[in-house]
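1. Just a sequence and a predicted model for now, questions to come.
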Amino acid sequence: MNWIAIAAIGAGVGLLGGMFGKGGSAVATPLLYLAGVPAIVAVASPLPATIPSMLVAASAYWRRGFLDREVLTWSIAFGVPATIAGAVATRWIGGGVLVQVTDVIVAGLGLRFLFGPSSPRETVRRPSAYRTRLVAVAIIVGLAGGLLANSGGFLLAPLYIAVLRLPIKDAFASSLSVAAALAVPGTLVHAALGHIDWSVVVVFGATSIPLSYIGARLTLRSNSMRLERVYGAALTALGVCFVAL
């Protein structure tokens, strides 16, 4: 395995994760595989490293008051059981089609943020159907994360913005916090199965954790409207690249 490449991947994933409110395990897996990490290890090893990375990045948002506690509470309450159910369902359901569908969704959401109207600030009084939409997002992301062996952070933030109409920095703060919780069941399962190479975890985490905080600080200094356009461009590029692969 190329340890320098693994450290560089950790740095890049941590920086982008902190900037865009995601753990980055879905992005890290193919890159680690290209760096010589065995396939199942490349799937499992980013998970334990992204948990502290996401929490460190989330702390920067928390200090500025961007965490939505209602979103956090309900997402974890319904997302964690859904993640476990998704992980169990991998015995009967293949993830190939789901990966392709998810990539198309990510690209579509990216185009929406890039060319659509900016998301308004949430109002104090939320619509009656808000909690129903929140639970639906948590269950969908949890199931997808369980089936694909990641924390679901690649879907959380864009769905929080598009479906719940959260402001983008609130969405990133909530996404990081929830994704950290959703990564725990997958980490425990893969650890029990012996899929995690802890030396990869240490090297990956040593660079991803500090860079995730820097990424969060960069986002906090950015204009929200401009940030949403940049986020849309990044999601679109990521989705198109994954679809092409």
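-> Done, it's in.
2. Going by C-alpha atoms from here, please, whenever you check contacts or count neighbours.
-> Noted.
3. packing partners for the helix or strand containing Tyr61?
-> Element membership for Tyr61 (DSSP states H and E) is helix 46-63. Packed against helix 46-63 by the contact rule (3 or more CA pairs under 8 Å, 6 or more residues apart in numbering; DSSP states H and E) you find helix 3-20, helix 25-34, helix 168-192, helix 198-220.
4. residue contacts, the most centrally placed residue in the chain?
-> The centre of the chain sits closest to Gly153, judged by CA atoms, centre = their mean, with a distance of 1.7 Å. Going by CA atoms under 8 Å, 6 or more residues apart in numbering, Gly153 touches 21-24, 175-176, 179.
5. try 6 Å
-> Contacts for Gly153 (CA atoms under 6 Å, 6 or more residues apart in numbering) come out as 22-23, 179.
6. Switch the residues you listed over to TSV; also include pLDDT, distance to Leu193 and neighbour count.
-> Shown next, in TSV, are those (pLDDT from 0 to 100; distance: CA to CA, whole Å; neighbours: other CA atoms under 10 Å):
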residue	pLDDT	distance to Leu193	neighbour count
Lys22	80	25	36
Gly23	71	22	36
Ala179	89	22	33
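7. Could you export stretch 29-49 as PDB, keeping only the C-alpha atoms?
-> What follows is stretch 29-49, C-alpha atoms only, in PDB (Å, rounded to 0.1, in the frame of the first residue of the first chain):
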ATOM      1  CA  THR A  29     -13.100   4.100  -1.000                       C
ATOM      2  CA  PRO A  30     -12.300   4.200  -4.700                       C
ATOM      3  CA  LEU A  31      -9.200   6.400  -4.100                       C
ATOM      4  CA  LEU A  32      -7.900   4.100  -1.400                       C
ATOM      5  CA  TYR A  33      -8.400   1.200  -3.700                       C
ATOM      6  CA  LEU A  34      -6.300   2.900  -6.400                       C
ATOM      7  CA  ALA A  35      -3.600   3.500  -3.700                       C
ATOM      8  CA  GLY A  36      -3.300  -0.300  -3.200                       C
ATOM      9  CA  VAL A  37      -5.700  -0.900  -0.300                       C
ATOM     10  CA  PRO A  38      -7.600  -4.100  -0.700                       C
ATOM     11  CA  ALA A  39     -11.300  -3.600  -1.800                       C
ATOM     12  CA  ILE A  40     -13.100  -4.600   1.400                       C
ATOM     13  CA  VAL A  41     -10.500  -2.700   3.500                       C
ATOM     14  CA  ALA A  42     -11.000   0.400   1.300                       C
ATOM     15  CA  VAL A  43     -14.700   0.200   2.000                       C
ATOM     16  CA  ALA A  44     -14.500  -0.300   5.800                       C
ATOM     17  CA  SER A  45     -11.400   1.600   7.000                       C
ATOM     18  CA  PRO A  46     -12.500   5.100   6.200                       C
ATOM     19  CA  LEU A  47     -15.500   4.800   8.500                       C
ATOM     20  CA  PRO A  48     -13.800   4.900  11.900                       C
ATOM     21  CA  ALA A  49     -11.500   7.700  10.700                       C
END
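8. Show me what the mean pLDDT comes to for that stretch.
-> For stretch 29-49, the mean pLDDT works out to 85.
9. before we move on, the earlier item: Gly239: which of the contacts of Gly153 is nearest?
-> Distance ranking of the contacts of Gly153 against Gly239, using CA to CA, places Lys22 first at 14.3 Å.
10. if I look at that closest one, how far off is Ile51?
-> Per CA to CA, to the nearest Å, Lys22 is found 11 Å from Ile51.
11. Now stretch 63-79: buried residues?
-> 66-68, 71-72, 74-76, 78-79 (16 or more other CA atoms under 10 Å).
12. how far does the helix holding Tyr61 sit from the chain's center?
-> From the chain centre to the centre of helix 46-63 is a distance of 11 Å (CA atoms, centre = their mean, to the nearest Å).
13. Show me what the next helix or strand after it is packed up against.
-> On the C-terminal side of helix 46-63, the closest following helix or strand by DSSP H and E is helix 69-89. When contacts are defined as 3 or more CA pairs under 6 Å, 6 or more residues apart in numbering; DSSP states H and E, helix 69-89 packs onto helix 130-148.
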